[in-house]
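> Here is my input, please return the structure:
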Amino acid sequence: MGVFGYELIHCPPSGDHGSKPIEATAQVIVSAILEFGLDQFVNQRMAVINVTRAFLDIMPEVQLPPRQVILNLPENLIVDAKLPAILKALKSQGYGISIGGLANLKDLRLLPIATLFRLDVQKYNDRQFTALTTFLRNYKNLSLMALNIESLDEYRNYCTKNIEYLHGRFLSKPRLYANSELPTNKLALLRLLASIHKLDTPTEELEQLITNDVSLSYQLLKLVNSPFFGIARKIDSIKQAVVLLGRDEIRKWVSLLALTGMSGEPEAIVEIAVLRAKLCELLAKKAGLPSESYFTVGMFSALDLLMKQPLKTVLDKLPLGKEVKAAILEHQGMLGAALSCALAFENTEWSKIYFANLSHDDISEIQREAIRWSESITHHH
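A predicted model of the protein is given here:
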């Protein structure tokens, strides 16, 4: 399951508690679309925008790309006489209409108009949830979203319930794992990562390790020969790829390909790891710092999500330097500061988004570049 869309949220500057909902929505739209362009934020995916009843009245004056926007209506919205006609008109232009809450299950006027119904999984037990979805399936115009999923167990549970969309911070929020034996495929992957990240591994041994994994070799050669790298001559051996890219780049790309090749994990977890990695690397480059270890710090910070093991347990199996491990586990040093900045973006903690001497504009541009890059990698793969 991949990422369907992004919710655009207005976070006022610290100390500013005076923004009204309509102003907050307008601020999100103005900054996201007029200033940067919507695609810079959502990269050809859907943008979910929270709207008020008053904002719907001025929608005809707002220039948005309707087929890329879902209008998120509040659960407690009162359905007045004009609202159904306004929503029908917006839907006919191509906007998605998202509703939810008990009010819309009692007053049914919006159900035939909406395109998406949100069900908060924290408010219903399994029996209630099943009854509600059975009822809502009578409306063929509606897709269903399970809202506020808080754990991977809940994610897997709702994956079995024929729900089109899942929402929540369950992918990136901290979680506790018990120490347990790793499955064979994940153990093999960790051994590969350990070998390629040993600085004293001879180049010939590095080549052999990659060559021994047929799938990995194929993916690496396919990537190196793709337009992404723009190399004029054909590269047809792992040895050539190592010579061309150098050991540091090979370590980066083999780690990335190995992790993105893991089966059985939500695609979005891999996207988180890749995006963190590129964000950390670009932050270092923009600040004029040696960027070699930043990519590794960002990518390996998500190993607990991918391996389902405590992060320290996984890192203890890898021959990483003390600085790298301290950055991942305790956010120490400049490496750790870059990771903290990437995680702040992930969790929309705006007050924590800073790094070195970079301006807010610098960091915003870096985030957009990292999103574009990670999209091209995960979609290419």
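> Show me where the stretch 51-200 of the chain has its helices.
53-58, 83-93, 103-106, 126-136, 152-159, 184-196 (DSSP state H, counting those that start in this stretch).
> let me redo that: the stretch 201-350 of the chain
The residue ranges that make up the helices of the stretch 201-350 of the chain, judged by DSSP H, counting those that start in this stretch, are 203-212, 214-224, 238-245, 247-260, 267-286, 292-300, 303-307, 311-316, 322-330, 333-346.
> Now tabulate these in JSON lines and tack on mean neighbour count, distance to Tyr95 and mean pLDDT.
For the C-beta atoms, the positions are set from N, CA and C on the backbone; glycine is no exception. Output for the helices of the stretch 201-350 of the chain, formatted as JSON lines (neighbours: other CB atoms under 10 Å; distance: least, CB to CB, whole Å; pLDDT from 0 to 100):
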{"stretch": "helix 203-212", "mean neighbour count": "15", "distance to Tyr95": "48", "mean pLDDT": "87"}
{"stretch": "helix 214-224", "mean neighbour count": "16", "distance to Tyr95": "38", "mean pLDDT": "86"}
{"stretch": "helix 238-245", "mean neighbour count": "18", "distance to Tyr95": "45", "mean pLDDT": "89"}
{"stretch": "helix 247-260", "mean neighbour count": "20", "distance to Tyr95": "34", "mean pLDDT": "84"}
{"stretch": "helix 267-286", "mean neighbour count": "23", "distance to Tyr95": "25", "mean pLDDT": "89"}
{"stretch": "helix 292-300", "mean neighbour count": "25", "distance to Tyr95": "36", "mean pLDDT": "89"}
{"stretch": "helix 303-307", "mean neighbour count": "22", "distance to Tyr95": "34", "mean pLDDT": "83"}
{"stretch": "helix 311-316", "mean neighbour count": "16", "distance to Tyr95": "42", "mean pLDDT": "88"}
{"stretch": "helix 322-330", "mean neighbour count": "17", "distance to Tyr95": "42", "mean pLDDT": "95"}
{"stretch": "helix 333-346", "mean neighbour count": "21", "distance to Tyr95": "27", "mean pLDDT": "94"}
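> Quick one, which of these gets closest to Gly168.
Of all these, the one in closest proximity to Gly168, counting by CB to CB, is helix 267-286 (10.8 Å).
> Which neighbouring elements make contact with the closest one?
For helix 267-286, the packing partners by 3 or more CB pairs under 8 Å, 6 or more residues apart in numbering; DSSP states H and E come out as helix 247-260, helix 292-300, helix 303-307, helix 333-346, helix 360-380.
> just for this structure, where's the confidence low?
Flagging of the chain using pLDDT under 70 yields the residue ranges 1-2, 8-37, 39-41, 43, 170-184, 262-266, 378-381.
> Residue nearest the middle of it, spatially speaking?
In the chain, the centroid-proximal residue (CA atoms, centre = their mean) is Ile272; its distance is 4.8 Å.
> And the contacts of stretch 239-249?
Residues outside stretch 239-249 that contact it (CB atoms under 8 Å, 6 or more residues apart in numbering): 203, 206-207, 220-221, 224, 231, 235, 250, 253, 292.
> Just the CA trace of that stretch, in PDB.
Only the C-alpha atoms of stretch 239-249 are listed here, as PDB (Å, rounded to 0.1, in the frame of the first residue of the first chain):
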ATOM      1  CA  LYS A 239      32.900  -4.300 -11.000                       C
ATOM      2  CA  GLN A 240      32.300  -1.500 -13.500                       C
ATOM      3  CA  ALA A 241      29.500   0.000 -11.300                       C
ATOM      4  CA  VAL A 242      31.800   0.000  -8.300                       C
ATOM      5  CA  VAL A 243      34.600   1.700 -10.300                       C
ATOM      6  CA  LEU A 244      32.200   4.300 -11.800                       C
ATOM      7  CA  LEU A 245      30.300   5.200  -8.600                       C
ATOM      8  CA  GLY A 246      33.000   4.600  -6.000                       C
ATOM      9  CA  ARG A 247      32.700   2.700  -2.700                       C
ATOM     10  CA  ASP A 248      30.700   5.400  -0.800                       C
ATOM     11  CA  GLU A 249      28.100   5.700  -3.500                       C
END
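> Now find how far off-centre it is within its chain.
How far stretch 239-249 lies from its chain's middle: 29 Å, per CA atoms, centre = their mean, to the nearest Å.
> and if you look at stretch 280-297?
Using CA atoms, centre = their mean, the offset of stretch 280-297 from its chain centre is 20 Å.
> end-to-end on it?
Counting by CA to CA, to the nearest Å, the length from the leading to the trailing residue of stretch 280-297 is 8 Å.
> which residues sit against that stretch?
Here stretch 280-297 makes contact (CB under 8 Å, 6+ apart) with 197, 248, 251-252, 255, 277-278, 298, 320-321, 323-324, 327-328, 334-336, 338-339, 341-342, 355-358, 362-363, 366, 369-370.
> Now tabulate the helices of the stretch 51-200 of the chain in a markdown table and tack on mean neighbour count.
A markdown table is the format used below for the helices of the stretch 51-200 of the chain (neighbours: other CB atoms under 10 Å):
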| stretch | mean neighbour count |
| --- | --- |
| helix 53-58 | 15 |
| helix 83-93 | 15 |
| helix 103-106 | 14 |
| helix 126-136 | 13 |
| helix 152-159 | 16 |
| helix 184-196 | 16 |
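> With respect to Glu349, which of those lies nearest?
Checked against CB to CB, the stretch from those lying closest is helix 152-159, at 21.8 Å.
> Could you check the angle that closest one makes with helix 267-286?
Going by axes from the mean of the first three to the mean of the last three CA atoms, to 10 degrees, helix 152-159 is angled at 130 degrees with respect to helix 267-286.
> quick one, what contacts the residue nearest to Lys325 when sequence neighbours are not counted?
In space, not counting the residues next to it along the chain, Lys325 is nearest to Leu315; the distance is 5.4 Å by CB to CB, 6 or more residues apart in numbering. Counting by CB under 8 Å, 6+ apart, Leu315 makes contact with 300, 303, 325, 328-329.
> Met145 now?
With contacts taken as CB under 8 Å, 6+ apart, Met145 has the following neighbours: 98, 100, 116-119, 163-167.
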